Structures are given as structure tokens and as C-alpha cells.
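Q: Please work out how this folds:
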Amino acid sequence: MTIQVGFLQIHVYGLMLMFGAIAGTLVAAMEARRRGLKASYAVDALPWALIGGVIGARIWHVLTPSLSSQIYGTTTERYLRDPLSIIRVWEGGLGLPGAVLGGVIGLYIYARRNQLNFPLLLDIAAPGLALGQAIGRWGNYFNQELYGKPTNLPWKIYIAPEHRMPGYESVAYYHPLFLYEAIWNLFNMALLLYVARRWEKVLLPGDVFLIYLVVYSIGRFFLEFLRMDYSPVFGVNINQLVMVLVFIGASAALWWRHRGARRARKRG
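A: Model prediction:
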């Protein structure tokens, strides 16, 4: 969906991503002040996170195109045959797992350049990241994408025929999957803000971000069961598989870090 303003054509999807980035940065600035850091760190880190996020999101899409993209011929092989098509982000195609990974790499570079505590910077960014995701998902609504399986529930959404999956041209109403994920991300943000305050003296730097990964991966894993336009790689829903690995890795990291901390307290 686009809005025409004079000679400018504004993509609503990009607009929602921008609103999400701004809102997330405000939350990060608030968290930075609460932790005794300059709020400007959050603002200064934003370009690094955004650039890394966009690059990561695009690479993820190129390597794991959705089912509908593959049906209509947009495959990884096609991207590799036409490398210039990879940079045409405005034509659509971003993957959230890649966006998170790319954003983290961007923040790492920013932290190294400014001699900041990287795990602490991740903790500051995590609640804002969840909020940004919640807002950004509304871009999927305006694009009529990221909907779930057909449903007759009262909160069903109408999908125009040109945006329906092949074989479902006659089905009009679907689960608002984008909304489910937006709500889950808002819950994640609220939980992270609460945990960061309630257990501030117990948490280690980086714990809040690890909790973000645990909570997000749980929600995304189960929501993928409703998703029709998933990303198959060798017949496997790659996003769902990655969420399992992220959950296991982040949970194990939390357990290991605090196991070591408990041992240190006992020795002390």
C-alpha cells in the first residue's frame, strides 16, 4: 500500500517501520537514562542498528524466500543470477530473524567504536526492539501479508483476491497473524521492562536480551503453525526451526551464566 504526496510515493510499510524504530529508540533512551547512561547513546546507535537490520533482513529473505515467493519464481537462485535484484528492497522481501541478527551486529560495531558495554547495550535495546516489532507488524496489515489460515472468528480479516495464496482464491477471511505477533511483542516489551526493574540486582548484563530471545522465540514458534506463507528450506519451515535453536541457546545461556554466578556467591 502506498500514499501519493505530490510527486512522492510513500510506502506505508516503510512508514510503520520508521514509526517502530522511533518508538523503540524512545524506550531505549528511557532505559539508558535509568541505567545511568546518556540517552543520546540510544539515538546514536539507531543508524547502526537500522543499517545492520535492513542488510540482515534482506539477506535472510534472499536465502529463505517465502513459499509464495518461490511459487511465483522468486527464489534464492534467481537472486544470485540477478545480484542487483538483491538491493531492490522496495520491491518487498525482509526477514525478521535476519533483521535481529543484523541489528545486533550493528550494535556490536557501535559499542566497540564507542567503548561501551555491549551486553548492557543489548539490554537497553531489547524492550524497544520488541515495541518496534509490534508497531512494524502493522505494515504487514496494510500490505495484506502475514495472515494466517482461513477462519470465521469474529476478529477475522479480509484479504483481497490478489493477495491470497495459490489455491485459496475463493477464501476471503483469515487469521490476523500480524496482530497476534504484535500483541505478543507488546507483552514481551512489558515483561522485559518489569523484569529489568524487579530483578535488577540479580540480572547480569545481557540477561534482558536473552530473555527477549526466549520469549520471542516461543511466540514465533507457535504462531508459525498458523502461517500459510512460511519459508521452506529443504521442506522444513526454517523460521520455526531457527526459533527452536534460539530458544534452546538463549535458555541454556541464561542457565549457565547464573549457575556460574551462584557458584561464585557460594565461594564468596
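Q: so where do the strands sit in the stretch 151-268 of the chain?
A: Taking DSSP state E, counting those that start in this stretch, the strands of the stretch 151-268 of the chain run over residues 157-158, 173-174, 232-233, 236-237.
Q: Surely I211 is in contact with L191?
A: Yes. Between I211 and L191 there is a contact under Cβ atoms under 8 Å: 7.5 Å. C-betas here are computed from N, CA, C, even on glycine.
Q: With neighbour numbers in mind, choose between these two.
A: Taking neighbours as other Cβ atoms under 10 Å, I211 and L191 compare with I211 leading, 22 against 16.
Q: any weak-confidence spans in this structure?
A: Residues of the chain meeting the criterion pLDDT under 70: 1-2, 4-7, 90-91, 260-268.
Q: Quick check: I22 vs H175, distance?
A: Per Cβ to Cβ, to the nearest Å, I22 is found 29 Å from H175.
Q: quick one, which of the two is more surrounded?
A: Using other Cβ under 10 Å, the more surrounded residue of I22 and H175 is H175, with 20 against 13.
Q: All the helices of this protein, in order from the start?
A: With DSSP state H, the ranges of helices along the chain come out as 12-34, 40-63, 67-71, 76-81, 96-113, 118-136, 138-142, 177-198, 207-223, 238-267.
Q: Give the buried residues for the longest one.
A: With burial defined by 16 or more other Cβ atoms under 10 Å, the residues of helix 238-267 counted as buried are 238-240, 242-243, 246-247, 250-251, 253-254, 257.
Q: That helix packs against which elements?
A: Contacts defined by 3 or more Cβ pairs under 8 Å, 6 or more residues apart in numbering; DSSP states H and E place helix 238-267 against helix 207-223.
Q: Show the backbone phi and psi for M165.
A: Phi and psi for M165, reported as degrees, to the nearest 10, are phi -70, psi 150.
Q: Now it. Nearest residue, chain neighbours left out?
A: M228 (5.2 Å; Cβ to Cβ, 6 or more residues apart in numbering).
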